[in-house]
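1. How does the following fold in three dimensions:
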Amino acid sequence: MFGSLGIYNYRLYASGQIISLVGVWMQRVAQDWLVLELTNGSPVALGFAASLQFLPVLLLSMWGGVLADRMDKRKLLLWLESALGVCALALGLLDVTGVVHLWHVYVLCFLLGCFSAVETPVRQSFVVEMVGRDSLTNAVAINSMMFNLARIVGPAIAGVTIVAIGTGWVFLANAISFVGVVLGIYLMRTSQLLRADPVPREKGQLLSGLRYVRHRPDLLTVMLLVFFIATFGMNFYMTLAILARNVFGGDADAYGLLSTLIAVGTFAGATWAARRKTPRLTVFIGAGIVFGVLEIVSGLMPTMLLTGLMMIPVGIAMMTFNTTANATIQLAVEPEMRGRVMGIYMLVFLGGNPVGGPLMGWLGEINGRAPIIVGGAVSMLVTITAWIILVRRGDIAKPRLRRQRADEPVSPAELQPSDR
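-> Below is the predicted model:
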């Protein structure tokens, strides 16, 4: 289950990443709570802040993928992680000195989103250079385990810290946490990195990535489902805050508790994923349907305790869906296209938030339970629709997921019967 940690460079990366991820999750909780405090609990303001943070994904994530294919990913990550830490430091200093205003939060959300939009596809495509293709699936699952372990610890610490000393110190703690990941990347043994040859700079590289995905029906299926479910069903950074404060009348620690419980589920789902060697489309589709159903049920629970308990299976289904999607994408593409394809993947995974955030915020103004119920219904219906289409095409069991030349299209007719 933990085989990738035997690789020196990945072990360094993981050690720094887990520290930084705890800080990131602490900041997410603190940032949401700060917006609610500055606006007297406005879900629309919270949704707008989320839109500003995720809007740069629409503009920059694919360019981040192009840079990942062109440049030294390790050096690029050193600069990007440092920039993310500076954003956290600026917000923390504004908050602890008592001069923070809502527009400050909005500006820093946008800047944070810009750096994150470029950093994410670079970081995702860098994993294979640390561990190699044979260990990629395991490393992706361990990444998810670290992410969700931090998701358990971070919100819990943030909830207690906010109540005790305020949101500003949480932002400063996150800024300090970036030292760990920057140091881990800096100390790597570059001679042990399994680098692909950089793609020469030339015109049309971004469009070639789009054309590559367009001619891959297996990749298109995964990405379209990820877009709809991530946009409408995975808005927990906002829906849980609305439930905790506006529906159940809780404080920041209640929001932290709900976030921690869903992270328990996602950590369990990532642990299960680490045992799987090959991603399967049937698991991906099934997880999407189950996630939608469980999310609807969680939104109908009468008490915060029951809602929190439902978050555990919701998290398991969500992480099964996400890890299967990520591993499918990375194992299905050529090394020279991986950065660009991961840039497109992150675009569909995060790029819908500028639409989903305000829409879910508007629904939250009408009814605090509506965003999570509607998100679950959309997730379930879209996945069922995709399942019906795939069954009719004969692709549901196991589409062909093989490495392929960047200029080689694949049609459904090329799928062998044993792969369907």
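
2. thinking Leu350 is in contact with Leu59, fair?
-> No. With contact defined as C-beta atoms under 8 Å, Leu350 does not count as touching Leu59 (11.8 Å). C-beta: built from backbone N, CA, C; applies to glycine.

3. more neighbours, the two?
-> Neighbours per residue, other C-beta atoms under 10 Å: of Leu350 and Leu59, the larger number sits with Leu350, 25 against 13.

4. Pull out the buried residues from stretch 344-360.
-> Buried residues in stretch 344-360, defined by neighbour count with 16 or more other C-beta atoms under 10 Å: 344-354, 356-360.

5. do stretch 57-73 as well
-> Within stretch 57-73, the residues scored as buried using 16+ other C-beta under 10 Å are 57-58, 60-70, 73.

6. Tell me how many other residues crowd Lys203.
-> Residues near Lys203, counting by other C-beta under 10 Å: 7.

7. quick one: it and Val66, what's the gap?
-> 11 Å (C-beta to C-beta, to the nearest Å).

8. With Gly180 instead?
-> From Gly180 to Val66 the distance is 28 Å (C-beta to C-beta).

9. And Val170, by the same measure?
-> Per C-beta to C-beta, Val170 is found 34 Å from Val66.

10. Contacts for stretch 71-82, please.
-> Stretch 71-82 is contacted from outside by 20, 67-68, 115, 118-119, 122-123, 125-126, 129, 178, 181-182, 185-186, 188, 190, 193, 195, 198, 339, using C-beta atoms under 8 Å, 6 or more residues apart in numbering.

11. and the one helix or strand Arg211 maps to, C-alpha only, in CSV?
-> Assigned by DSSP states H and E, Arg211 belongs to helix 205-214. Output of helix 205-214 as CSV, limited to C-alpha atoms (Å, rounded to 0.1, in the frame of the first residue of the first chain):
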residue,chain,number,x,y,z
GLN,A,205,0.9,23.3,-28.2
LEU,A,206,-2.2,24.2,-26.1
LEU,A,207,-4.5,23.4,-29.0
SER,A,208,-2.7,20.1,-29.7
GLY,A,209,-3.6,19.1,-26.1
LEU,A,210,-7.3,19.9,-26.7
ARG,A,211,-7.2,17.9,-30.0
TYR,A,212,-5.6,15.0,-28.3
VAL,A,213,-8.4,14.8,-25.7
ARG,A,214,-11.1,15.4,-28.3
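
12. Tell me the buried residues in stretch 38-57?
-> 38-39, 42-43, 45-57.

13. Tell me which other helices or strands the helix-or-strand element of the chain with minimal mean pLDDT touches.
-> Within the chain, no helix or strand scores below helix 353-366, which has a mean of 77 by mean pLDDT, DSSP states H and E. Under the contact definition 3 or more C-beta pairs under 8 Å, 6 or more residues apart in numbering; DSSP states H and E, helix 353-366 sits against helix 43-70, helix 217-232, helix 236-242, helix 370-393.

14. Go through these and name the closest to Ile329.
-> Closest to Ile329 of those is helix 217-232 (C-beta to C-beta; 6.3 Å).

15. so the closest one versus helix 43-70, what angle?
-> Calculated by axes from the mean of the first three to the mean of the last three C-alpha atoms, to 10 degrees, helix 217-232 forms an angle of 150 degrees with helix 43-70.

16. for the stretch 101-250 of the chain, what are the low-confidence residue spans?
-> 197-200, 202, 204, 237 (pLDDT under 70).

17. and Met146, how far is that from Trp79?
-> As judged by C-beta to C-beta, Met146 and Trp79 stand 22 Å apart.

18. and what of Tyr212?
-> Tyr212 sits at a distance of 27 Å from Trp79 (criterion: C-beta to C-beta).

19. In terms of neighbours, single out the busier of these two.
-> A count of neighbours by other C-beta under 10 Å puts Tyr212 above the other of Tyr212 and Trp79, at 22 against 12.

20. Confirm for me that that one is in contact with Gly339.
-> No. Counting by C-beta under 8 Å, no contact exists between Tyr212 and Gly339, whose distance comes to 11.7 Å.

21. which stretch of helix or strand covers the nearest residue to Leu59 once chain neighbours are set aside?
-> In this structure, Leu59 finds its nearest non-sequential neighbour in Ala117, 7.2 Å apart by C-beta to C-beta, 6 or more residues apart in numbering. For Ala117, the host element (DSSP H and E) is helix 102-131.

22. so Thr324 touches Val283, yeah?
-> Yes. Thr324 lies in contact with Val283 (C-beta under 8 Å); the separation is 5.4 Å.

23. Neighbour count: these two, which is higher?
-> Thr324 (26 against 17).

24. how near is the more buried one to Phe349?
-> 13 Å.

25. and if you look at Leu78?
-> 24 Å.

26. Ok, Tyr13 next?
-> For Tyr13 relative to Phe349 (C-beta to C-beta), the value is 21 Å.
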